[in-house]
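>>> Sequence unavailable; structure follows:
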């Protein structure tokens, strides 16, 4: 199998809707997933989405954005997801590399990403790409 990455375009909207729906179904079942899906995405100055492919078929995606905070450009990986059967073969790593390269080319000084509690696979993938935890967000629902 050959993995690849390409920038998504208007013609990919149907594919992206399907991948996003599958990602939401999986994420919604994880601890913290429902709250994550209910939160609005932060406002960004710029955003791009890439599709990860195996033998030419879209099996995952990453959406990266950036904004300026205190005169510094900060990047964010809004969404990163690969179909379960396509994990562990390099698609996620290729998606991360494409998004990070794009952000670096824009002069972004830091890239943030998140993983749900207990999602060790995402945490390992981010750590393998050079990410390190800098903040743990705790929450408590009130009546």
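Alright, I've got the coordinates. As the structure is a prediction and not an experimental result, all values here were calculated from the model.

>>> outside of the helix or strand hosting residue 103, which residues touch it?
Per DSSP states H and E: residue 103 is located in helix 91-105. Here helix 91-105 makes contact (C-beta atoms under 8 Å, 6 or more residues apart in numbering) with 3-5, 7, 48, 50, 52-54, 59-64, 66, 75, 77, 80, 82, 111, 125-126, 128-129. For the C-beta atoms, the positions are set from N, CA and C on the backbone; glycine is no exception.

>>> For that helix, buried residues please.
Counting neighbours by 16 or more other C-beta atoms under 10 Å, one finds that the buried residues in helix 91-105 are 91, 92, 93, 94, 95, 96, 98, 99, 100, 102, 103.

>>> Just name the closest of these to residue 136, please.
Using C-beta to C-beta, residue 96 comes nearest to residue 136 of the buried residues of helix 91-105, at 21.0 Å.

>>> separation between the closest one and residue 109?
18 Å (C-beta to C-beta, to the nearest Å).

>>> For this protein, which helix or strand comes out least confident on mean pLDDT?
helix 33-38 (a mean of 88; mean pLDDT, DSSP states H and E).

>>> What is that one packed up against?
helix 13-28 (3 or more C-beta pairs under 8 Å, 6 or more residues apart in numbering; DSSP states H and E).

>>> which strands and helices sit next to the helix it packs on?
Short answer (3+ C-beta pairs under 8 Å, 6+ apart): helix 13-28 packs on helix 33-38, strand 46-54, strand 57-69, strand 72-82.

>>> isn't residue 43 right next to residue 66, touching?
No: Residue 43 is not in contact with residue 66 according to C-beta atoms under 8 Å; the separation is 11.2 Å.
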